[in-house]
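Trainee: 3D, please:
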Amino acid sequence: MNNKIRHSFISCLFLLGISLLTSSNSPLFAEIKIARFNVDATPEIGEPVAYAPVRSIVDPLSARGVVLLFDNQSPVVLCAVDWIGIYNNGQDVWKAELAKAAGTTPDRVSVHALHQHDGPRCDFWNGERTSTAGTQFGRNFFQQ
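Mentor: Got it, this is the predicted structure:
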C-alpha cells in the first residue's frame, strides 16, 4: 500500500472514530442511572446460621447492592449479602427474585456472599438432598 492510500485510509478511520464518539448514540454518551438498596437479611432468633442457631443479634446482617440502569438495556443488579454462602439453586432463587424486583433477567444479576461466619447459608439443592439445618433460612427470607 503506498503512502497516499495509507494516509487516506488512516484519515477515514480517524474521521469515522470521531463521528462515532461524538454521536448522541455513542456508548460514551449513554446515560447511566444508579439506584442503591439495603435490606435487612438478619435471621430470627433460633434460625440456623453457620455453626449453631442464632442466640442473640449484636450486628444485623444485610443484603446491599446497586442497580445500574443504562439507555435501552435491561438493568444490571450487583448484590452483596452478609451470609456465609449462597450456593447451587440458592443462587438461582436469589437472582430470580432480585431480577423480578429490578425488572430485569437473572443473567443480569450478580449475587456475592461475603462469607460472614455468623451468617446463614443458602443451598436448596444440598438441603433437599441432605436436610441439613443451615439451608431453610434462605427460603424463609424470600417469603417475608
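Trainee: this protein: strands as residue ranges?
Mentor: With DSSP state E as the criterion, the chain has strands at 32-40, 62-70, 76-81, 85-86, 109-113, 121-122.
Trainee: just list whatever residues bridge to residue 68.
Mentor: residue 34, residue 76 (DSSP bridges).
Trainee: so which of the strands of the chain is nearest residue 49?
Mentor: strand 121-122 (8.0 Å; C-beta to C-beta). The way it works is simple: take the backbone N, C-alpha and C, and place the C-beta from them, glycine included.
Trainee: could you name the helices and strands sitting against that closest one?
Mentor: strand 85-86, helix 88-102, helix 136-143 (3 or more C-beta pairs under 8 Å, 6 or more residues apart in numbering; DSSP states H and E).
Trainee: note down every partner strand of that strand and its orientation.
Mentor: Sheet pairing for strand 121-122, using DSSP bridges, gives strand 85-86 (parallel).
Trainee: quick one: contacts of the strand it pairs with?
Mentor: 94, 111, 113, 115, 121, 122, 123, 138 (C-beta atoms under 8 Å, 6 or more residues apart in numbering).
Trainee: looks like residue 37 contacts residue 78 (just checking).
Mentor: No - applying C-beta atoms under 8 Å, one finds residue 37 not in contact with residue 78, separated by 10.3 Å.
Trainee: need the overlap of contacts for these two.
Mentor: In contact with both residue 37 and residue 78: 65, 66, using C-beta under 8 Å, 6+ apart.
Trainee: where among the strands of the chain is average confidence lowest?
Mentor: Lowest mean pLDDT within the strands of the chain: strand 121-122, a mean of 82.
Trainee: returning to what we had before: what's the most buried one of the strands of the chain?
Mentor: strand 121-122 (a mean of 26; mean count of other C-beta atoms under 10 Å).
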